[in-house]
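Q: what shape does this take:
(one chain, ligands or ions: 1)
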Amino acid sequence: MINQYDYHCPKCNGKLSKNNQVVFTIKRDNNDEATMFLEAKPGSYKYECKPPINFTEKEIIDFHCPQCKANLKSDKYSRFVEITLKVNPKVNMEVFFSRVYGIHQTYVGIEDFEEEYGDKISKV
Ligand SMILES: [Zn+2]
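A: I've put the predicted structure just below:
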């Protein structure tokens, strides 16, 4: 079992997790910007935004690294955010979660993700 979730930005390798939360800068189509604190446990969608934002259902949210500002959307699966989970100093796993508000999908590891959804999800 993983007790500590240590997430990193795949672009700059900066640490995204803090106090068992994952911290992102999020942006919306209307240029709203906020800091989002997401519970670190995969599959949990508890979050907090500062300032608070009322998202609309099915809205696509842009997640950015607070350090290098890179957009963290997956290159292959643009409806997902891709970040790196360091299980231990030698083992990294990709974690994918949905960028679409209200759609709760999280996958740990590219193999599981592609096996289950590679054919079914939109790659556009
Ligand atoms: Zn970064």
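
Q: could you give the bridge partners of Ile26?
A: Ala34, Phe63 (DSSP bridges).

Q: quick one: residues contacting it.
A: Ile26 sits next to Glu33, Ala34, Thr35, Met36, Cys49, Ile53, Ile61, Asp62, Phe63, His64 when contact means Cβ atoms under 8 Å, 6 or more residues apart in numbering. In this view, the C-beta of every residue, glycine as well, is placed from N, C-alpha and C.

Q: how about the first one: what's its closest non-neighbour residue?
A: In other words, Glu33. Excluding its sequence neighbours, the residue lying closest to Glu33 (Cβ to Cβ, 6 or more residues apart in numbering) is Lys27, at 5.3 Å.

Q: over to the fifth one?
A: Across the structure, with Cβ to Cβ, 6+ apart as the measure, the residue nearest Cys49 apart from its sequence neighbours is Ala34 (4.5 Å).

Q: that neighbour: neighbouring residues, count only.
A: For Ala34, the neighbour count with other Cβ atoms under 10 Å is 17.

Q: now do Ser44
A: Quick note: Ser44 (other Cβ under 10 Å) scores 11 neighbours.

Q: again, but for Tyr45
A: 15.

Q: ok, now Asn54?
A: 6.

Q: could you give the backbone dihedrals for the residue most central in space within the chain?
A: Residue closest to the mean C-alpha point of the chain, counted by Cα atoms, centre = their mean, is Val81 at 4.4 Å. Backbone torsions for Val81, taken as degrees, to the nearest 10, come to phi -90, psi 140.

Q: is it correct that it is in contact with Ala70?
A: No - taking contacts as Cβ atoms under 8 Å, Val81 lies outside contact range of Ala70: 11.2 Å.

Q: wait, Arg99 sits on Arg79?
A: Yes - assessed by Cβ under 8 Å, Arg99 is found in contact with Arg79 at 5.8 Å.

Q: okay, and the common contacts of those two?
A: By Cβ under 8 Å, 6+ apart, the residues touching both Arg99 and Arg79 are Ile60, Lys73.

Q: is stretch 61-73 anywhere near the ion?
A: Yes - contact of stretch 61-73 with the ion (Cβ under 5 Å from the ion) involves Cys65, Gln67, Cys68, Ala70.
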